[in-house]
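Asker: Fold the following for me, if possible:
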Amino acid sequence: MSRIGKAPIELPKGVTLTIEDGLVRVKGPKGELEHRIRPEIGVEVNDGQVVVRRSSEHKQDRAYHGLTRALVANMVEGVTTGFRKGLEIVGVGYRVDKRGKKLVLTVGYSHEVEYPEPEGITLSTPSQTTIVVEGIDKQKVGQVAAELRAVRPPEPYKGKGIRYEGEHVRRKAGKTGA
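Answerer: Numbering: from 1, shown residues only. I've put the predicted structure just below:
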């Protein structure tokens, strides 16, 4: 039995979970999320706990069991507390600015890079060198953070670029002079 899949999910107060025709809907104080589950997997709500069950012991069904449980748990956490991902900008003259619903990145190119704020995601810039991505959908928050990092990934010689908060960039030695 999957260790992750068999663990029940506690439903906090103010969160409702409904299942109809293979579609799981989670509604909470921060918003509403939905996810279509596979037919081999069953989701049940029993007195404040969500239990995920599988129909057989096939390898694929066991994998979907843990995946579905993790996705539902992330949906519950998202509508109650939300998710946050921080990015740091390192480099002389590198900065970010928020103009309306767009982020304007100045990261060493001959032009500024504009990144529009996706629906369901909040982008904020506490300082000129930090970006905070927040939202209720964990997958979307991670995807937006990855897209922003991909604008100028950290390079290994000076470490300049956009990196995740707390990310360690392995540095290489440069050329050695004669």
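
Asker: where along this structure do the strands fall?
Answerer: Here the chain has its strands, by DSSP state E, at 9-10, 16-20, 23-28, 31-36, 41-46, 49-54, 83-90, 95-99, 102-106, 113-116, 121-124, 130-135, 161-164.

Asker: And the shortest one, how far out from the chain middle?
Answerer: By that I understand strand 9-10. Using CA atoms, centre = their mean, to the nearest Å, the mean C-alpha position of strand 9-10 is found 20 Å from that of the whole chain.

Asker: rewinding a little: export the strands of the chain as CSV, with columns for distance to residue 154 and mean neighbour count.
Answerer: Heads up, the C-betas are built off the backbone N, CA and C, glycines and all. Output for the strands of the chain, formatted as CSV (distance: least, CB to CB, whole Å; neighbours: other CB atoms under 10 Å):
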stretch, distance to residue 154, mean neighbour count
strand 9-10, 36, 16
strand 16-20, 40, 13
strand 23-28, 35, 18
strand 31-36, 32, 14
strand 41-46, 39, 15
strand 49-54, 38, 19
strand 83-90, 7, 19
strand 95-99, 15, 15
strand 102-106, 14, 18
strand 113-116, 16, 12
strand 121-124, 20, 16
strand 130-135, 14, 20
strand 161-164, 4, 20
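
Asker: Need those in JSON lines (columns: distance to residue 155 and mean pLDDT).
Answerer: Output for those, formatted as JSON lines (distance: least, CB to CB, whole Å; pLDDT from 0 to 100):
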{"stretch": "strand 9-10", "distance to residue 155": "41", "mean pLDDT": "92"}
{"stretch": "strand 16-20", "distance to residue 155": "45", "mean pLDDT": "92"}
{"stretch": "strand 23-28", "distance to residue 155": "40", "mean pLDDT": "94"}
{"stretch": "strand 31-36", "distance to residue 155": "37", "mean pLDDT": "94"}
{"stretch": "strand 41-46", "distance to residue 155": "43", "mean pLDDT": "90"}
{"stretch": "strand 49-54", "distance to residue 155": "43", "mean pLDDT": "91"}
{"stretch": "strand 83-90", "distance to residue 155": "10", "mean pLDDT": "96"}
{"stretch": "strand 95-99", "distance to residue 155": "17", "mean pLDDT": "95"}
{"stretch": "strand 102-106", "distance to residue 155": "16", "mean pLDDT": "95"}
{"stretch": "strand 113-116", "distance to residue 155": "16", "mean pLDDT": "96"}
{"stretch": "strand 121-124", "distance to residue 155": "24", "mean pLDDT": "95"}
{"stretch": "strand 130-135", "distance to residue 155": "18", "mean pLDDT": "96"}
{"stretch": "strand 161-164", "distance to residue 155": "6", "mean pLDDT": "96"}
